[in-house]
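Asks: Show me the folded form of this:
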Amino acid sequence: MAHILIVGGHDETFRMIEDLPVELSVFQNSESVTLRQARRARRLCVFDYRNQTEALGRARALHEFEPVDAVVSFTEHGLMPAAVIREALGIKGNAREAVRLTRDKIAMREHLSGRDLGAVRNRSCHSAAEVRSFLLEVGGPIVVKPAGGAGSSGVFRVSSLEQVDSAFARSRGEYPGPTLAEEFIDGPEYSVESFSTEGRHDIIAVTEKTTTGPPRYIEIGHQMPAVLAASAHAELCRLVTDFLSSIGHSFGPAHTEVRFGPAGPRIIEGNTRPGGDFIWELVLRAMGRDLVRESICHLAGLPPQPRIPGRGAGCVAFFAYENVVIERVQGIEAARRSEGIIRLQCSLEPGQRLGPLRSSADRQGVIVAVGTDLADAERRLADAQARIRVETAPLPH
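Replies: Numbers count the residues shown, from 1 in each chain. The predicted structure follows:
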């Protein structure tokens with residue numbers, strides 16, 4: 001029986017592989033450990049696995065006691081520790097360089113520069129003055145973001161010199177570390193969901209995104225599959241497969257974010273993991289692909305598992321209220337029982353005082369709907385939303 005080390009993860013991850021004949025060891029932080037994980041794992045080690053030195057030391061000790069066949073992570077902060085362990089122990093898993101390039105936005109931009117891979121003009125900035133210089137050079141809107149950030153935290157669109165000081169200071173304040181400035185690509189945003197085996201990239205779906213718009217562009221909705229002309233779809237897929245090959249991603253799921261601007265598609269970010277924000281659930285329920293289960297089976301040398309047919313399409317909408325006081329919330333349970341709704345989570349409560357949305361973590365819940373096609377899924381989502389009544393009042397200054 002194969003011995004797999006999983007770094008991080010949520011209960012959904014372990015639910016998907018509960019019945020697989022593999023031996024699991026798990027590295028988990030204290031905030032995320034649950035009874036389900038403790039029951040499924042043969043060994044559960046609780047510590048801050050983001051500390052790569054400690055994670056590697058513990059993995060070496062585990063490997064010496066009982067050899068580990070593969071290591072994997074499906075979470076943002078577990079990817080690099082898992083890749084470091086994989087390289088040091090010489091076992092199966094994600095290649096370290098592919099993970100490094102996708103976790104460090106500045107490194108990824110440097111990698112793309114000079115390649116015909118949807119590169120955008122960018123600069124690593126250590127001061128507001130450098131951001132101002134880049135804005136003048138580009139001559140149009142730019143985006144300021146942390147090099148190692150996630151969830152739209154510390155991301156700002158900057159259109160004028162007067163906005164630079166505030167955006168740079170707030171970006172550094174929300175996510176300390178190097179700051180990346182890049183030209184703003186004006187156009188619709190998509191993500192491409194894929195699974196790679198031995199360097200071959202299988203495109204599963206293209207997801208269209210809805211955001212709050214400037215200045216932060218926090219995602220508030222997803223539609224799968226995206227409505228695209230055949231030529232645009234082919235161009236997106238070709239760009240992403242070339243990108244994944246260029247970074248050396250040879251195994252597992254990937255979630256690549258792209259904007260389709262006037263000059264064609266441009267890579268915004270790459271991730272060597274399934275898409276977050278319940279995109280993974282759309283892939284599972286609409287497309288019929290369980291990326292966690294497929295990953296573990298591949299690493300463990302198990303035969304491919306039978307796939308459950310997908311419903312065909314799905315969409316996600318987030319509760320994203322800001323700068324209000326919540327006065328009344330009704331209809332949540334009725335909406336949860338609506339046809340086609342596979343997930344509804346809502347943390348809104350009367351009396352809540354909600355400030356501005358600063359990142360995806362500030363959203364207050366989600367509705368996920370599936371249908372036979374996108375129109376059907378959107379209709380079911382709208383029916384559920386119509387059952388919900390949220391009354392608000394302006395947030396007092």
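
Asks: alpha carbons only for contacts and neighbour counts from here, please
Replies: OK.

Asks: Keeping just the C-alphas, turn stretch 51-60 into PDB.
Replies: Taking only C-alpha atoms (Å, rounded to 0.1, in the frame of the first residue of the first chain), the coordinates of stretch 51-60 have been written out as PDB:
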ATOM      1  CA  ASN A  51       7.900  26.600   8.200                       C
ATOM      2  CA  GLN A  52       9.700  24.700   5.400                       C
ATOM      3  CA  THR A  53      12.700  23.900   7.600                       C
ATOM      4  CA  GLU A  54      10.500  22.200  10.200                       C
ATOM      5  CA  ALA A  55       8.300  20.500   7.600                       C
ATOM      6  CA  LEU A  56      11.400  19.000   5.900                       C
ATOM      7  CA  GLY A  57      12.900  17.900   9.200                       C
ATOM      8  CA  ARG A  58       9.700  16.100  10.200                       C
ATOM      9  CA  ALA A  59       9.300  14.600   6.700                       C
ATOM     10  CA  ARG A  60      12.900  13.200   6.900                       C
END
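
Asks: Which parts of the stretch 1-150 of the chain are helices?
Replies: 11-16, 35-40, 52-65, 79-89, 96-103, 105-112, 128-138 (DSSP state H, counting those that start in this stretch).

Asks: Buried by neighbour count: which residues of the second one qualify?
Replies: Read that as helix 35-40. Neighbour counts over helix 35-40 (16 or more other CA atoms under 10 Å) mark 37, 40 as buried.

Asks: now for the strand or helix carrying residue 345, which elements pack on it?
Replies: Following DSSP states H and E, the helix or strand that holds residue 345 is strand 341-346. If contacts are counted by 3 or more CA pairs under 8 Å, 6 or more residues apart in numbering; DSSP states H and E, strand 341-346 sits against helix 332-336, strand 365-371, helix 374-386.

Asks: orientation of it relative to helix 374-386 in degrees?
Replies: 40 degrees (axes from the mean of the first three to the mean of the last three CA atoms, to 10 degrees).

Asks: In the longest helix along the chain, which residues are buried?
Replies: As assigned by DSSP state H, the longest helix anywhere in the chain is helix 230-247. The neighbour-count check on helix 230-247 (16+ other CA under 10 Å) flags 236-237, 239-241, 243-244, 247 as buried.

Asks: Equivalent analysis for stretch 159-177, please.
Replies: So stretch 159-177, judged by 16+ other CA under 10 Å, has buried residues 159, 164-165, 167-168, 170-172, 175.

Asks: among the residues you listed, which one has the lowest pLDDT?
Replies: pLDDT across the buried residues of stretch 159-177 is lowest for residue 175, at 71.

Asks: Would you check how far apart that residue and residue 271 are?
Replies: 19 Å (CA to CA, to the nearest Å).

Asks: Could you do residue 78 as well?
Replies: Noted for residue 78: a distance of 12 Å to residue 271, by CA to CA.

Asks: for the lowest-mean-pLDDT helix or strand in the chain, the distance to its chain's centre please.
Replies: Least confident helix or strand of the chain, by mean pLDDT, DSSP states H and E, is helix 164-174 with a mean of 85. Centroid separation between helix 164-174 and its chain, computed with CA atoms, centre = their mean, to the nearest Å, is 23 Å.

Asks: From the rest of the structure, what touches that helix?
Replies: The contact list for helix 164-174 (CA atoms under 8 Å, 6 or more residues apart in numbering) reads 127-128, 131-132, 144-146, 153-156, 158, 179.

Asks: I figured residue 187 was touching residue 260, is that so?
Replies: Yes. Counting by CA atoms under 8 Å, residue 260 is a contact partner of residue 187 at 5.2 Å.

Asks: the more surrounded of those two?
Replies: residue 260 (19 against 15; other CA atoms under 10 Å).

Asks: Now the helix or strand harbouring the more buried one: buried residues?
Replies: Taking DSSP H and E as the criterion, residue 260 maps to strand 252-261. By neighbour count on 16+ other CA under 10 Å, the buried set for strand 252-261 is 252-260.

Asks: could I get stretch 277-289 in CSV with only the CA atoms?
Replies: Extracted as CSV, the C-alpha positions of stretch 277-289 are listed here (Å, rounded to 0.1, in the frame of the first residue of the first chain):
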residue,chain,number,x,y,z
ASP,A,277,-13.4,29.7,-4.4
PHE,A,278,-15.4,26.5,-5.1
ILE,A,279,-14.1,26.2,-8.6
TRP,A,280,-12.9,22.8,-7.6
GLU,A,281,-16.6,21.9,-6.8
LEU,A,282,-17.7,23.1,-10.2
VAL,A,283,-15.0,20.9,-11.8
LEU,A,284,-16.3,18.0,-9.7
ARG,A,285,-20.1,18.4,-10.0
ALA,A,286,-20.4,20.0,-13.4
MET,A,287,-17.4,18.4,-15.3
GLY,A,288,-17.3,15.1,-13.3
ARG,A,289,-13.6,15.4,-12.5
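
Asks: what mean pLDDT does that stretch have?
Replies: On average, stretch 277-289 scores 96.

Asks: same check, this time on stretch 99-111
Replies: 91.

Asks: Go through that stretch and flag the buried ones.
Replies: Per 16+ other CA under 10 Å, stretch 99-111 contains these buried residues: 99-106, 108-109.

Asks: and the contacts of helix 164-174 as JSON lines, adding distance to residue 191, neighbour count and pLDDT?
Replies: Below are the contacts of helix 164-174 laid out as JSON lines (distance: CA to CA, whole Å; neighbours: other CA atoms under 10 Å; pLDDT from 0 to 100):
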{"residue": "127", "distance to residue 191": "31", "neighbour count": "14", "pLDDT": "91"}
{"residue": "128", "distance to residue 191": "30", "neighbour count": "17", "pLDDT": "92"}
{"residue": "131", "distance to residue 191": "27", "neighbour count": "27", "pLDDT": "94"}
{"residue": "132", "distance to residue 191": "30", "neighbour count": "21", "pLDDT": "94"}
{"residue": "144", "distance to residue 191": "20", "neighbour count": "28", "pLDDT": "91"}
{"residue": "145", "distance to residue 191": "19", "neighbour count": "28", "pLDDT": "88"}
{"residue": "146", "distance to residue 191": "20", "neighbour count": "27", "pLDDT": "83"}
{"residue": "153", "distance to residue 191": "18", "neighbour count": "21", "pLDDT": "71"}
{"residue": "154", "distance to residue 191": "20", "neighbour count": "25", "pLDDT": "78"}
{"residue": "155", "distance to residue 191": "18", "neighbour count": "30", "pLDDT": "85"}
{"residue": "156", "distance to residue 191": "20", "neighbour count": "25", "pLDDT": "88"}
{"residue": "158", "distance to residue 191": "23", "neighbour count": "27", "pLDDT": "94"}
{"residue": "179", "distance to residue 191": "23", "neighbour count": "27", "pLDDT": "86"}
